[in-house]
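Chemist: Structure of the sequence below:
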Amino acid sequence: MDLIKEAEMQTAALRRIASWRTIAIVISGIGVVIAWFGIYKSNGFYITAGVLLAVAAMFIAMTLHRGITNGRRNVEKILDAAERERKKQV
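Modeler: Reported below is the predicted structural model:
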């Protein structure tokens, strides 16, 4: 069944995207640490860089999360269609 194969490929892609989301969250945490270091040392460059890094990484993580959520819904629809196709053949 081509639909089952497609669902498997999309599930694998969603796992890869989830890995990238995790990396984005970690980078956001690093940005927070850099901003905190800038506050501790009263260095405006580190504060600005840290906040920008944290915000950008969180935006990326949220975008990836949205893609994962929509992708999972799509896989469910593909599997439902495969099930309907299987029932027609029986």
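
Chemist: Can you verify my assumption that Ala13 contacts Gly71?
Modeler: Yes - between Ala13 and Gly71 there is a contact under Cβ atoms under 8 Å: 7.2 Å. (Each C-beta comes from the backbone N, C-alpha and C, glycine too.)

Chemist: show me where pLDDT drops low in this structure?
Modeler: Flagging of the chain using pLDDT under 70 yields the residue ranges 1.

Chemist: Give me the most central residue, it.
Modeler: Note on the chain: the residue nearest the mean C-alpha position is Leu64, at 3.0 Å, using Cα atoms, centre = their mean.

Chemist: Just give the nearest non-adjacent residue to it, would you?
Modeler: Distance criterion Cβ to Cβ, 6 or more residues apart in numbering; nearest residue to Leu64, sequence neighbours excluded, is Arg21 at 4.1 Å.

Chemist: Specify the local secondary structure of that neighbour.
Modeler: helix (DSSP: H, G, I helix; E, B strand; the rest coil).

Chemist: Contacts made by stretch 46-53 with the rest, please.
Modeler: Ile27, Ser28, Ile30, Gly31, Val32, Val33, Ile34, Ala35, Trp36, Phe37, Gly38, Ile39 (Cβ atoms under 8 Å, 6 or more residues apart in numbering).

Chemist: What of stretch 60-80?
Modeler: Defining contact as Cβ under 8 Å, 6+ apart, one finds that stretch 60-80 is touched by 3-4, 6-7, 10-11, 13-14, 17-18, 20-21, 24-25, 28.

Chemist: List only buried entries from the residues you listed.
Modeler: Neighbour-count burial (16 or more other Cβ atoms under 10 Å) applied to the contacts of stretch 60-80 gives Leu3, Glu6, Ala7, Leu14, Arg21, Ala24, Ile25, Ser28.
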